[in-house]
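S.K.: Here is my input; please provide its structure:
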Amino acid sequence: MSDRSVRHTLASVNGLAERRWGYAPRFGDVVLRAGAVILVGCSVLLLVAMFSGGTRNHAFQLDFKGDLYDAGRAIVNGKNPYRPGLLEAQAAAVRAGLPIAGGASPRWPPPVLLAGVPLSLLPFNVAGWMFMLLSASAIILGLLLLGVRDWRCIALASLSWPALLVCGWVT
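M.R.: Below you'll find the model as predicted:
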């Protein structure tokens, strides 16, 4: 292929781009967009790997299970959701200066525990995914209510450490 035909091909591609988008994209723009697509794709793959690994080793939604899910199950069965024996043992350990052992236990006020009852009627894996989706939706909705409209800012805030912690993706 001659140098003239390469220039002619590039000119026709740029002309098509100008007609379609109103400007001819520069090489730097194309590289930046391709990098963004690759970064988002790798992030999605990482999250999928985290989810699938967490469900296999029973670390999936550990806090949700100990705090809200088990409390909702206890409420449905007419039992005390707060597990006073476990709370007393943890309080004694704190008073003695020892580390707390025994896993998660609900410390939320009653209205929050009652709000978790509908999720406790579902199988745990389904309820855990629903909790994550509801939490992620609440973060995005909160950003939209605050006036954030740039998708890059929403994506960055949604993949930040605090957002992942709130959604239960990391513990």
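S.K.: Enumerate every residue touching residue 70.
M.R.: Contacts for residue 70 were tallied using Cβ atoms under 8 Å, 6 or more residues apart in numbering; they are 81, 106, 120. From N, CA and C alone the C-beta is placed, and that goes for glycine too.
S.K.: let's see 10 Å
M.R.: Contact analysis of residue 70 by Cβ atoms under 10 Å, 6 or more residues apart in numbering lists 64, 81, 83, 103-106, 116, 120, 124.
S.K.: repeat for residue 107
M.R.: Applying Cβ under 10 Å, 6+ apart, the residues near residue 107 are 67, 71, 82, 87, 90, 113.
S.K.: Which of the residues you listed are buried? Put it as a ChimeraX command.
M.R.: The ChimeraX command for the buried members of the contacts of residue 107 (criterion: 16 or more other Cβ atoms under 10 Å) is given here:
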select :67,71,82,90,113
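S.K.: could I get the contacts of residue 107 as a markdown table with secondary structure and pLDDT?
M.R.: Listed next are these as a markdown table, based on DSSP: H, G, I helix; E, B strand; the rest coil; pLDDT from 0 to 100:
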| residue | secondary structure | pLDDT |
| --- | --- | --- |
| 67 | helix | 84 |
| 71 | helix | 91 |
| 82 | coil | 87 |
| 87 | helix | 80 |
| 90 | helix | 83 |
| 113 | helix | 91 |
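S.K.: Spatially, which two of the contacts of residue 107 are the most separated?
M.R.: Greatest spatial distance among the contacts of residue 107 (Cβ to Cβ): 90 and 113, at 17.7 Å.
S.K.: And for residue 130, the neighbour number?
M.R.: 14 (other Cβ atoms under 10 Å).
S.K.: For it, give me its contacts.
M.R.: 64, 118-119, 122.
S.K.: let's see it at 7 Å
M.R.: Listed by Cβ atoms under 7 Å, 6 or more residues apart in numbering, the contact set of residue 130 reads 119, 122.
S.K.: ok, which stretches of the protein are helices?
M.R.: Using DSSP state H, the helices of the chain run over residues 3-21, 27-56, 62-64, 70-76, 84-95, 110-115, 117-120, 124-145, 151-158, 161-167.
S.K.: Among the contacts of residue 70, name the buried ones.
M.R.: For the contacts of residue 70, a neighbour count by 16+ other Cβ under 10 Å gives the buried set as 64, 81, 83, 104-106, 116, 120, 124.
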